[in-house]
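Engineer: Provided below are the primary sequence and the corresponding predicted coordinates.
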Amino acid sequence: MALTKEITLSRLQDKFGDAILSHDEPYGLLTIEVPADRNLDVIGFLKNESDLAFGYLTDLCAVHMPDQKGREIAVVYHLHSLTNNVRIRIKCWLPESNTEIASATGLYAGANWMERETYDFFGVRFLGHPNLKRILNVDHMEIFPMLKQYPLEDSSREDKDDRFFGR
Amino acid sequence: MSDLKMVEAPAGVEGQGFFATSLDSVIGLARANSIWPLPFATSCCGIEFMATMASNYDLARFGSERLSFSPRQADLLMVMGTIAKKMAPVLKHVYEQMAEPRWVISVGACASSGGIFDTYSVLQGIDRVIPVDVYVPGCPPRPEQIIDGIMKIQELVKNESLRRRNQPEYKALLASYGIE
Amino acid sequence: MDVNTKFMAEQSIFGEENIQSENKQYNTLNLGPTHPATHGVFQNILQMDGEIIMSSEATIGYIHRAFEKLAEHRPFYQVTPITDRLNYCSSPINNIGWHLTVEKLLGVETPKKVDYMRVIVMELSRIADHIVCNTVIGVDTGALTGFTYMFQERERIYDIFEQMCGARLTTNIGRIGGFERDFSAKTIQMIRDFLSGFPKRFDEFEGMLLRNRIFMDRIINVGPISGERALEYSFSGPNLRAAGVDYDVRVMNPYCSYNDFDFTIPVGTSGDTYDRFCVRQAEIRESLKIIEAALNNMPEGKFVADCPEFYLPAKKDVYSSMEALIWHFKIVMGEVDLPKGEVYHSVEGGNGEVGYYLISDGGRTPYRLHFRRPCFIYYQAYPEMIKGSMLSDAILTMSSMNVIAGELDA
């Protein structure tokens, strides 16, 4: 029987029970929330089970929501089962005080640079990553620029008058 | 009769077997019609430059047949595309390695002023790190615009005095950028 | 290549050195970020034993323009020019992918005619992108003629784009819901002329390189990667298909009525440079078939969906009627309410699966927009692909992977 989103969800709930904190299907993509310390368990299960076979890591990124106290940063994994044509999104929320999560590089080699980019932009530290350093920004940058408290523009530029640019 | 446009000879005294003119104008004429560019192509403007170099808008007609990727052998630094702050020291290094006389053309909005990328990581114009002679606006500029910019550079090169680079204003300009 | 296996050093893929061998000293060679043969600004620091590459480390970010942060401050129509500059060799695909994402968020259903028009635009830009890649592989082996002749074809494609939207390279084409105008008779004639004239000239280009002894010797078995390894690295697009995996977003998750069209997915075997070249050649031919089918079967109908809150009014109304002017201003400046939601949509770009992960909180700009950029993801396999090969092979591997710096760094 071909894999569907419902079967995937029921297999996950059977195996992990309460660790699947919530599930939803916005715009047709099954989305589950998982505690940050179980991320590798869930992803490894999805990848290694022969009937699930989520062997393709489509994307890995983060989202910063400063209004949700205690759950500010989400690490979002998009997985894809190519043989069954099912996609899934997994979210793990982290508090701003401790943005550490296990690295998925052991499961997917492609997670390497995606995690470096997430570290570079949001400051999420991936434990077990072979080479966690900045990738896109200058090496001596001290802040993590995608966090909402930092501005888009370079604050040291003097030639643009913010009044005329609507800021 | 061919309809190729040849470059005009400079003003001078002509006679049987000789032509007398000033050294400045002869050297200016030679330099202006054999500019070897260094294409410092970073992003989308680089693709429009590739189209300019290709057969439809051939830049080689203007004497730029040989693109030099070595700064020592180049006359014109063409900066095409966004320069990020990470790239700025590299750009300055390349400019410093060029031998005099050298000119710089900034192609595209990003190189001229940062373009649409008013962000923390983009240098808001290459004239913050190196002196620029001609700015070509556009995002990306059409090949005709890039050729127009090169023709303006040709005007500058043709009319430049041989003593210009030794004068104190030029030295002060380079010193203001921290270039020796 | 057996002669090189005895030089293989022990080290981790991602640049850390742990070289064990008989007390050899390796040369460090810096390739980039400004280099004639790297097509874009990225740097590779190579450890070389003579001409053989022992290990390498790739550093990128030299054209990081902070697209994702920028998109959080721009209303939806102002994000389209940003998407242009991702893979700038095939900008229309990025634009249409973004518009499809927004239409998914808004729940807008486009008429069939719009889908067919979009397919024609996307396949033309795919041809343009593959022409750049394949001619540049030729240039890197020393064959500049193919580049010069094939860029003339790209000029024809540019002329077609100019007829449609006014711009050549960074097109900013289309609207949310469709297009700003229908294809004119001149545009359709230009597309038909292109379809009739291009195959012959393309055959000449292919005849020059495909079975050329020197070309084949230079690029067969250069930079191979196996299908399993490519999947581990989340490859997509022609690079993955050259490695033997037939994953194409147009077939797996069809969008824009691609399931109406009949085309094959060319697949290679060994994932080396020759396979990547051949896959792109075959994909250009498939794209020509798709464009012809779309043009012949173009349905009647409107060229835009019915979503007036997000569709810019026609320019002649904007310049003559006050309401249209105000409406145009409101849409562009983002004063129209957007629904909340999170959506992921992907399209098959020139290099692979281009994904847009959009989270909207009901404000005027996206709350979070993440671009899933195929170049960024597959370039991390580059050090593994060139280990043990020679420097000139490394250059060819890089150019056959079609790394576009704008998409790499965003």
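Structural biologist: Here it is on my side, so go on.
Engineer: where does residue A:19 land on pLDDT?
Structural biologist: Looking at residue A:19, its pLDDT reads 88.
Engineer: isn't it up against residue A:36?
Structural biologist: No. Assessed by CB atoms under 8 Å, residue A:19 is found out of contact with residue A:36, at 11.0 Å. For glycine as for every other residue, the C-beta is placed from the backbone atoms N, C-alpha and C.
Engineer: more crowded one of the two?
Structural biologist: Neighbours per residue (other CB atoms under 10 Å in any protein chain shown) separate residue A:19 from residue A:36, with residue A:36 holding more: 20 against 16.
Engineer: quick one: that one and residue A:101 touch, right?
Structural biologist: Yes. With contacts counted by CB under 8 Å, residue A:36 reaches residue A:101, the gap being 5.0 Å.
Engineer: low-confidence regions, chain B specifically.
Structural biologist: Low-confidence segments of chain B, defined by pLDDT under 70: B:1, B:180.
Engineer: spell out which parts of it neighbour chain A.
Structural biologist: B:85, B:86, B:118, B:119, B:120, B:121, B:124 (CB under 8 Å from any CB of the partner chain).
Engineer: so which of those residues are in helices?
Structural biologist: Applying DSSP state H to the residues of chain B next to chain A, no entry is found in helices.
Engineer: any of those buried? List them.
Structural biologist: Neighbour-count burial (16 or more other CB atoms under 10 Å in any protein chain shown) applied to the residues of chain B next to chain A gives B:85, B:86, B:118, B:119, B:120, B:121, B:124.
Engineer: could you pull out the strands for chain A?
Structural biologist: A:22-24, A:30-33, A:56-64, A:73-81, A:86-94, A:100-102, A:125-127 (DSSP state E).
Engineer: any chance of the ones you listed in a markdown table with mean neighbour count, distance to chain C and mean pLDDT as columns?
Structural biologist: Converted to a markdown table, the strands of chain A look like this (neighbours: other CB atoms under 10 Å in any protein chain shown; distance: least, CB to the nearest CB, whole Å; pLDDT from 0 to 100):
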| stretch | mean neighbour count | distance to chain C | mean pLDDT |
| --- | --- | --- | --- |
| strand A:22-24 | 12 | 9 | 91 |
| strand A:30-33 | 19 | 8 | 94 |
| strand A:56-64 | 23 | 4 | 94 |
| strand A:73-81 | 22 | 6 | 94 |
| strand A:86-94 | 22 | 7 | 94 |
| strand A:100-102 | 17 | 17 | 93 |
| strand A:125-127 | 16 | 13 | 94 |
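Engineer: of those strands, which is nearest residue C:46?
Structural biologist: Residue C:46 sits nearest to strand A:125-127 of all the strands of chain A, at 26.7 Å, using CB to CB.
Engineer: could you check how far the closest one is from the centre of its chain?
Structural biologist: Distance, stretch centre to chain centre, for strand A:125-127: 12 Å (CA atoms, centre = their mean, to the nearest Å).
Engineer: give me the sheet partners of it and which way each runs.
Structural biologist: Note on strand A:125-127: by DSSP bridges, its sheet partners are strand A:100-102 (parallel).
Engineer: mind naming the longest helix for chain B?
Structural biologist: helix B:143-158.
Engineer: next one: the following helix or strand past it to chain centre, how far?
Structural biologist: For helix B:143-158, the following helix or strand on the C-terminal side (DSSP states H and E) is helix B:168-176. Between the centre of helix B:168-176 and the centre of its chain there are 19 Å (CA atoms, centre = their mean).
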